[in-house]
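In: Quick check, what structure comes out for this input:
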Amino acid sequence: FARMEEFTTNDNKMVFTEDLKNVIFLSESNEHELKLMSDAIKKFHTQNQSLQFGTFVFGPIVFRLLHHLSEWQLALQLFKDPELKGFFSQIKTTVILMNLLFINGKYEECAEVFKYIQTENHFETKYPRDCLLLYMASVYKINTPEVFDEALEVLRKAREAGAVVSRKTICLFASLALNQNQPNTALEIMSLLTQTNYITVRNLRLMALSDLNRFDDLFITLKVLLNRDVPSLKATTGQILDETMNRIKSKMSESNDQNVVTEFQQIESGLVDGNHITTTSLSDLLLSPVTLRTDLPPRDGQRQQFERQRGFRNPGVQQTYRQRPQSRANEEF
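Out: Residues are numbered from 1 along each chain as shown. Here you go, the predicted structure:
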């Protein structure tokens with residue numbers, strides 16, 4: 001570190017790629033060491049701008065260190081530093097920063113980082129899938145009319161731009177819409193989802209239908225779950241949230257139609273008997289960490305070995321597999 005201090009303060013000295021790697025690797029949660037790392041980054045970036053050498057991408061590595069140390073203030077400061085414009089312009093870097101801010105409860109700052117991406121031209125895209133997800137999680141936590149209107153506009157522009165909007169992102173916005181007493185918007189945005197058999201999708205739809213007093217449609221959804229003809233070993237349980245049932249009951253208490261109330265009570269009894277109700281909260285499901293699937297086929301670099309292990313004997317089958325598009329990581333639910 002003493003040697004690196006000399007390099008960062010002496011204009012005649014240069015900070016090379018290996019020097020910066022060593023500083024990042026050795027830095028700990030120490031104010032002096034982190035300041036030295038910041039100074040080394042700035043000098044290295046200034047050199048590279050004028051000399052145009054070095055291809056190693058430091059952004060994600062620096063922010064992984066700061067994420068590990070929970071140094072969200074320094075990470076945000078470096079990200080916004082005009083002297084480092086372009087140094088942290090990788091999508092991976094932005095995802096790490098937004099995740100760091102989110103887990104530290106800095107939801108406004110997390111949303112601001114996403115807005116920053118919209119205004120800067122050196123980012124690869126304005127609507128990265130994972131950044132959009134973290135932004136929507138942040139506004140879901142903020143939960144004000146202002147951020148709801150803002151999130152609705154962001155989602156509209158992202159769709160117009162052809163951006164990939166994950167199921168989890170849509171569910172977070174739908175839940176925000178319900179929290180802002182906008183069940184029509186929630187139900188409309190849920191129509192973008194082609195797969196409706198997920199627990200979050202099903203319960204959000206039930207909540208929206210309940211808020212709109214559309215009990216006939218609500219009962220149809222619940223009866224499908226009760227009447228599903230599946231083997232007992234594959235039967236699903238815990239598909240309806242307790243808070244969903246409480247929300248429906250609250251709306252039922254306002255109904256003057258005794259037939260509707262009686263029908264719901266019968267359905268509720270069947271759900272209880274079938275162990276279809278769970279005490280898990282919607283918020284816990286929506287904010288659960290994204291889990292990468294490990295059962296997906298490997299990437300192109302490992303494809304040949306994978307094909308040998310799978311034993312493709314038919315050339316037609318092998319060719320079909322090669323042409324199959326790679327799936328992105330899926331959410332846990």
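
In: Burial check on Glu254, number of neighbours?
Out: Glu254 has 7 neighbours, counted by other Cβ atoms under 10 Å. The way it works is simple: take the backbone N, C-alpha and C, and place the C-beta from them, glycine included.

In: Now name the helix or strand holding it.
Out: If you go by DSSP states H and E, Glu254 is not part of any helix or strand.

In: So Asn197, which state does it fall into?
Out: coil (DSSP: H, G, I helix; E, B strand; the rest coil).

In: err, Thr194, not the other one
Out: coil.

In: on contacts alone, who are the packing partners of the helix or strand encompassing Lys168?
Out: In this structure, Lys168 sits in helix 167-179 according to DSSP H and E. Counting contacts by 3 or more Cβ pairs under 8 Å, 6 or more residues apart in numbering; DSSP states H and E, helix 167-179 is packed against helix 129-142, helix 145-160, helix 183-190, helix 199-211, helix 282-286.

In: Now render those helices as TSV, adding distance to Trp72.
Out: Formatted as TSV, the helices and strands packed on helix 167-179 follow (distance: least, Cβ to Cβ, whole Å):
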stretch	distance to Trp72
helix 129-142	13
helix 145-160	20
helix 183-190	30
helix 199-211	28
helix 282-286	22
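
In: how about those in CSV, adding mean neighbour count?
Out: Shown next, in CSV, are the helices and strands packed on helix 167-179 (neighbours: other Cβ atoms under 10 Å):
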stretch, mean neighbour count
helix 129-142, 23
helix 145-160, 16
helix 183-190, 19
helix 199-211, 22
helix 282-286, 16
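
In: Kindly reformat the ones you listed as a markdown table and extend each row with mean pLDDT and distance to Val15.
Out: What follows is the helices and strands packed on helix 167-179, written out as a markdown table (pLDDT from 0 to 100; distance: least, Cβ to Cβ, whole Å):
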| stretch | mean pLDDT | distance to Val15 |
| --- | --- | --- |
| helix 129-142 | 97 | 30 |
| helix 145-160 | 96 | 38 |
| helix 183-190 | 96 | 49 |
| helix 199-211 | 96 | 48 |
| helix 282-286 | 96 | 44 |
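
In: Phe264 and Met252 touch, don't they?
Out: Yes: contact criterion Cβ atoms under 8 Å: Phe264 and Met252 qualify, at 5.7 Å.

In: Overlap in contacts, these two.
Out: When contacts are counted by Cβ atoms under 8 Å, 6 or more residues apart in numbering, Phe264 and Met252 are jointly contacted by Phe215.

In: the more surrounded of the two?
Out: Under the criterion of other Cβ under 10 Å, the comparison of Phe264 against Met252 puts Phe264 first, with 20 against 17.

In: Would you quantify the distance from the more buried one to Thr221?
Out: Between Phe264 and Thr221 the computed distance is 12 Å (Cβ to Cβ, to the nearest Å).

In: Check Ser283 too.
Out: Counting by Cβ to Cβ, the separation of Ser283 from Thr221 is 21 Å.

In: Same question for Ala163.
Out: 29 Å.

In: in this protein, which helix or strand is least confident?
Out: helix 315-323 (a mean of 42; mean pLDDT, DSSP states H and E).

In: how about low-confidence regions in the stretch 51-200 of the chain?
Out: Of all residues in the stretch 51-200 of the chain, those with pLDDT under 70 make up the ranges 51-54, 121.

In: Need the contact partners of the strand or helix carrying Val62.
Out: Using DSSP H and E, Val62 falls within helix 59-69. If you take Cβ under 8 Å, 6+ apart as the criterion, helix 59-69 is touched by 24, 27-29, 34, 37, 41, 72, 74-75, 78, 87-90, 92-93, 96-97, 99-100.

In: please redo it, this time with the cut-off set to 10 Å
Out: Helix 59-69 is contacted from outside by 20-21, 23-25, 27-30, 34, 37-38, 41, 71-76, 78-79, 84, 86-97, 99-101, 103-104, using Cβ atoms under 10 Å, 6 or more residues apart in numbering.
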